[in-house]
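1. Structure for this input, please:
(4 chains)
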There are 2 protein chains.
Amino acid sequence: MTETANNIRRLNKCNVFEVIAHEGPISRAAIAKRLGLSKQTLSEVAKELESEGWVQQVGLERGNVGRAAMNFEVVPDAAFVAAVDLGGTKVKVAIANLACQIFGEATEKTDPRGGGAVVDQIARLCREMMDQHGLQQDRLRLAVVGVPGVPDHESGAVHMAPNIPQLDEIDFAGELSKALGFDVVIENDVNLAVLGEHWGGVAQHVDDLAYVALGTGIGAGIIVNGELVRGKNGGAGELGYLPFGADPFEDASLRQGALERVTATDAMRDYYFELTGEKIEVPEIFDRLDQDDHAQKVLDRTARETARAVAAISALIDPEQIVFGGSIGRREELFSRIKAQFGLITRSPVELYISDLGGKAALIGAASLGLSHVHATLLAGGVPGAEITLPPAKLAKLGVVSNG
Amino acid sequence: MTETANNIRRLNKCNVFEVIAHEGPISRAAIAKRLGLSKQTLSEVAKELESEGWVQQVGLERGNVGRAAMNFEVVPDAAFVAAVDLGGTKVKVAIANLACQIFGEATEKTDPRGGGAVVDQIARLCREMMDQHGLQQDRLRLAVVGVPGVPDHESGAVHMAPNIPQLDEIDFAGELSKALGFDVVIENDVNLAVLGEHWGGVAQHVDDLAYVALGTGIGAGIIVNGELVRGKNGGAGELGYLPFGADPFEDASLRQGALERVTATDAMRDYYFELTGEKIEVPEIFDRLDQDDHAQKVLDRTARETARAVAAISALIDPEQIVFGGSIGRREELFSRIKAQFGLITRSPVELYISDLGGKAALIGAASLGLSHVHATLLAGGVPGAEITLPPAKLAKLGVVSNG
DNA sequence: TATTAATTCGTCAACTTACCGAACTAATAG
DNA sequence: CTATTAGTTCGGTAAGTTGACGAATTAATA
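-> Below is the predicted model:
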């Protein structure tokens, strides 16, 4: 048979799996009605999915008149993915199963030697997490690593990640893949964060949004038409290089980016020093807000310039929502100021929110990307049109309030 | 049969049509090899496509050893779409046939009464064009109208189009559809321009790009991941509202947009007046460049601020190309200045070009959108996965150099 | 020049996959 | 016991495949 014809069964298998994942436990008859397939076909498909280990029968559903239905659900342990958030100071690892449950998260200081040492560290953490939860190592099929830089999918290196040594000198993805024995996907951490908010955060069911991360730097993850925007060179969302804030025509703006020079933590610290002659860290600036006009001034400038960045995003891609995250971005004191400033410069009806998922957005995004990947490779096998949309995330075990 | 199974033949018909459109004239055997279908199936599919009038046989292909092949090609006259570019001063209409040939273009002054008068004008022009070329009216299946504003697909009105009266008070799309007797699609003209460049211009095979139109206003059409970015409210690409140029915190920037206040034609005229006390039009400013330092200064400011807009696009979506169009945007004198200024504020490797298609970009984009629509509705009939990619545009008859 | 071989095009016939609908068996509430 | 719902069995249909074969055409050869 032709490709197309050959793939009908596979496509239907994907569709059936998708319904079970979203609406399960669910009976054959109900799935059949839902998909417009015959009960007969559904029995065959369900049998195949069961014998391949993707779904399993669960207890009879009684209570209605008529024969009790045998329900199906996804086998949670059929496959696992490791979600990794690699930061300059900390590495976080969580495990997600096929039923979209995400388990407890391990956090360690990032190995300061960088490069191969970090590869080993991540590989060890992944194995430890599986062991800790008594799970079969060989069911772990994929790791998704969020990195604070621009992943190069050709070479497997990570560029522009100054806080972790040697990440751009080795085939990071390749080495990790070798150490773990399965595929590894690397992706920018802010891109993962927007995927996280889209999957399990405040932006569920929103197909045009941006996630603005404000911390040691300023960057955005962008979803347009429901799809992540990476850009030609993976440089999409580099808000730091927006041409305002500092003078973009100065040479220093070529290196650090005009906006980043006046918004991120370094700039806030420097500005406070400039105003007062005192060197304090950013959390301290927040603490002093009540008594200290200078602290207010620092926050106001950051808020004003960030509001301009938000206006720029809004003018260019007109998203439905913009979500704020990052160590400073999710602080209410700053958020309310950004919102106020933004109101002064635009009539855009875009909704602004603080991230639901806090520091776990990237980790959850990594899980979502990983699960989609597993679906695509193991179930769909590259059949066009056989995408499986992820069911809502189950985050309870991660200590995040789920609003699914 | 299930939806999927029912649609196999339709899907194969689309695939076969697509191959014929791209590679025709082509024989059954060659198509079969190309698609991995059996010759048998192909004979059936070709017969159906032929009897429905989509493709036709053309002379035997001799020269190789073996039996001569009967080739198939798309029936050019099987369907037509009208491409309309509705501007504040001019309306342009062109006709495209199913073979992607675009015929001579009619231009008229836009009826100054706006509203219903413009609807009638467009309907008349469409009919005249068909008659002029001796084509059957009832083969005209769709009109795509590029409008200088934000189309509201709910109400059929066009908002933010101050140059054409009453466009936001009537169901423009609906009225035109009634006058013509077939479907009408309305789309922002700059969005169509970027589609045009993507299909038949400088940006062929580029899936991340922006088209910057600089004229009476400044705006962009954006394609990301090969898809047009419209934004939640159709407001994507509103460069005029980028928060720099003029002070975005001034009240006037809420109305006109901070950037538009210093870049578009009005701003250039005003600035020249401010410098010299003389009121002249923009083309005149260009004419005086050689002798007049003030004219240079006006252009320099426009170039500098436009370069910042380009930097903003680049920072946010990291496109492969940015194409310049519009009455001023495509002038070499300005373009070279923008390029120079852009080089000062970024290291982005984005390629900058002047539009290939000149003032016809939107018209050609309208044709591409229309032909895609016709494919989707008449051939694919909404079958998922049955998209037909457009073959290269044949623009020779439009007086545009084709580089397909 | 006539014949034969090689090659390619398109069709026919038999078989396979995957779906459907109808009839049938099984289980369960009332 | 009966109405109702769940799931299976059994033919039937749509669409695609493979392999054999006739038709057409070029190339080589007697």
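2. Count the residues that sit near A:Leu135.
-> 16 (other C-beta atoms under 10 Å in any protein chain shown). Just so you know, the C-beta spots here come from the backbone N, C-alpha and C atoms, and that holds for glycine as well.
3. backbone phi and psi for it, please?
-> When read as degrees, to the nearest 10, the backbone of A:Leu135 gives phi -110, psi 150.
4. do A:Leu192 as well
-> Note on A:Leu192: its backbone torsions stand at phi -70, psi -40 [degrees, to the nearest 10].
5. Just confirm it contacts A:Ala367, I think it does.
-> No - using C-beta atoms under 8 Å, A:Leu192 makes no contact with A:Ala367, being 9.1 Å away.
6. Need the overlap of contacts for the two.
-> Contact criterion C-beta atoms under 8 Å, 6 or more residues apart in numbering or on different chains; residues shared by A:Leu192 and A:Ala367: A:Val144.
7. For A:Val74, give me its contacts.
-> Going by C-beta under 8 Å, 6+ apart, the list of residues near A:Val74 reads A:Phe17, A:Ile20, A:Ala21, A:Gly24, A:Trp54, A:Val55, A:Leu98, A:Ala99.
8. Okay, and the first one sits in which element?
-> Spelled out, that is A:Phe17. Per DSSP states H and E: A:Phe17 is located in helix A:8-23.
9. is it true that A:Ile95 touches A:Leu125?
-> No - in this structure A:Ile95 lies outside contact range of A:Leu125 using C-beta under 8 Å: 10.2 Å.
10. Compare those two (neighbour count), which wins?
-> Neighbour comparison, A:Ile95 and A:Leu125: the larger count goes to A:Ile95, with 24 against 19 (by other C-beta under 10 Å).
11. Could you look up the SS state of the more buried one?
-> For A:Ile95, the assignment made with DSSP: H, G, I helix; E, B strand; the rest coil gives strand.
12. Model confidence for it, exactly?
-> On pLDDT, A:Ile95 comes in at 97.
13. With A:Lys397 instead?
-> A:Lys397 is assigned a predicted lDDT (pLDDT) of 60.
14. one step back: show the subsequent helix or strand relative to the helix holding A:Phe17.
-> Using DSSP H and E, the helix or strand that directly follows helix A:8-23 along the chain is strand A:26-27.
15. and the least confident of the contacts of A:Val74?
-> A:Gly24 (77).
16. any weak-confidence spans in the stretch 301-404 of chain A?
-> By pLDDT under 70, the weakly predicted segments of the stretch 301-404 of chain A are A:396-404.
17. relative to helix A:8-23, how tilted is the particular helix or strand that has A:Gly59 in it?
-> Per DSSP H and E, A:Gly59 falls inside strand A:55-61. Relative orientation of strand A:55-61 versus helix A:8-23 (axes from the mean of the first three to the mean of the last three C-alpha atoms, to 10 degrees): 50 degrees.
18. what packs against strand A:55-61?
-> helix A:39-51, strand A:69-74 (3 or more C-beta pairs under 8 Å, 6 or more residues apart in numbering or on different chains; DSSP states H and E).
19. Report whether the shortest one contacts DNA strand D.
-> Looking back up the chat, that one is strand A:69-74. Yes - shown here: strand A:69-74 in contact with DNA strand D (C-beta under 7 Å from any atom of the strand) through A:Ala69, A:Met70.
20. what does the longest one give?
-> Yes - under the criterion of C-beta under 7 Å from any atom of the strand, helix A:39-51 makes contact with DNA strand D via A:Lys39, A:Gln40, A:Ser43.
21. Quick check: mean pLDDT of that helix?
-> 91.
22. quick one, helices of chain A?
-> Under the criterion DSSP state H, chain A contains helices at A:3-6, A:8-23, A:28-35, A:39-51, A:115-132, A:172-180, A:189-200, A:251-255, A:260-263, A:265-276, A:282-287, A:293-317, A:332-345, A:361-374.
23. So which residues make contact with the fifth one?
-> Pointing back at helix A:115-132 there. Under C-beta under 8 Å, 6+ apart, the answer for helix A:115-132 is A:80, A:82, A:84, A:86, A:91, A:93-95, A:103-104, A:106, A:108, A:110-111, A:136-137, A:140, A:143, A:145, A:164-167, A:169-170, A:172, A:175-176, A:179-180.
24. repeat that for 7 Å
-> Helix A:115-132 has contacts (C-beta atoms under 7 Å, 6 or more residues apart in numbering or on different chains) with A:82, A:84, A:86, A:91, A:93, A:95, A:106, A:108, A:110-111, A:137, A:140, A:143, A:145, A:164-167, A:169-170, A:172, A:175-176, A:179-180.
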